[in-house]
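Peer 1: Fold the stuff below for me.
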Amino acid sequence: MDVKMKGTVRVVPYDYEWKNEFLKIKAMIVDCAGDLIVGVEHVGSTAVEGLASKPIIDIDVVIDSYDVFPAVKDRLSKIGFEHEGNLGVEGREAFKRTFVDDFMPYHMYVCPKEGKGHLEHIAFRDYLRDHPEAVKAYGELKVRLAEQFRTDITSYVNAKHEFVQSILRNVNKK
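Peer 2: Below you'll find the predicted structure:
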């Protein structure tokens, strides 16, 4: 990943409230663009029960294809979201909120349903949900890396990369 990110790395124990937070954010997205999208998926570590995580919800807003992306982008901009491009990840378009809301922090991506970014998010999430030993190992790795790279989120993300890739290689063998 080439994008330099800022901030302190903070990994906390799993919180059951994350599911409810996702559902609130999903409702806002569906209300805004539900007729244009295929679905809204809770991805990332907060979507895996029992997994320690940075307390930030990751959301994939799934579209049928890039044909509908301009309309989705327009709808999201009307409720205060700014398109940031793909941030170096093919097949995923990042959006940031430009307003204060009552939700916990979240990252939102618009992804085509057959896009590599979305398919990898789902494959990784589902693998972890089905493999408690991987959840334990990944959680321990994240806690250790958060301590090691407390003020360097880019190094934290890069250090997790091999673990994530090993899971995706496992999934792709099946």
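
Peer 1: from here on, contacts and neighbour counts on C-alpha atoms
Peer 2: Will do.

Peer 1: What is the longest helix of the chain by residue count?
Peer 2: Of all segments of type helix in the chain, defined using DSSP state H, the longest is helix 153-173.

Peer 1: Now that helix: buried residues?
Peer 2: The neighbour-count check on helix 153-173 (16 or more other Cα atoms under 10 Å) flags 153-157, 167-168 as buried.

Peer 1: Quick check: chain neighbours aside, which residue is closest to the residue most central in space within the chain?
Peer 2: Ranked by distance to the mean C-alpha position of the chain (Cα atoms, centre = their mean), the top residue is residue 58 at 2.9 Å. With sequence-adjacent residues excluded and distances taken as Cα to Cα, 6 or more residues apart in numbering, residue 58 is closest to residue 107, at 4.9 Å.

Peer 1: same deal with residue 99?
Peer 2: residue 80 (6.2 Å).

Peer 1: what stretches of the chain score poorly on pLDDT?
Peer 2: Residues of the chain meeting the criterion pLDDT under 70: 1-6, 174.

Peer 1: now with 50?
Peer 2: 1-5 (pLDDT under 50).

Peer 1: all strands of it, in order?
Peer 2: 39-43, 57-63, 81-85, 93-97, 106-112 (DSSP state E).

Peer 1: got the angle for the last one vs strand 93-97?
Peer 2: Taking axes from the mean of the first three to the mean of the last three Cα atoms, to 10 degrees, one finds strand 106-112 and strand 93-97 inclined to each other by 150 degrees.

Peer 1: Buried residues, stretch 28-40. List them.
Peer 2: Using 16+ other Cα under 10 Å as the burial criterion, the residues of stretch 28-40 that qualify are 29-30, 33-34, 36-40.

Peer 1: Pick the one among these closest to residue 99.
Peer 2: Nearest to residue 99 among the buried residues of stretch 28-40, counting by Cα to Cα, is residue 29 at 14.5 Å.

Peer 1: From residue 128, how far out is that closest one?
Peer 2: Counting by Cα to Cα, to the nearest Å, the gap from residue 29 to residue 128 is 26 Å.

Peer 1: do residue 67 as well
Peer 2: 32 Å.

Peer 1: Comparing those two, which shows the higher neighbour count?
Peer 2: residue 128 (21 against 10; other Cα atoms under 10 Å).

Peer 1: Report whether the expected contact of that one with residue 46 is present.
Peer 2: No: Residue 128 is beyond contact range of residue 46, at 11.3 Å (criterion: Cα atoms under 8 Å).

Peer 1: where do the helices sit along the chain?
Peer 2: 17-33, 69-78, 116-130, 132-148, 153-173.

Peer 1: Among those helices, which comes closest to residue 84?
Peer 2: It's helix 69-78; of the helices of the chain, that one is closest to residue 84 (Cα to Cα) at 10.6 Å.
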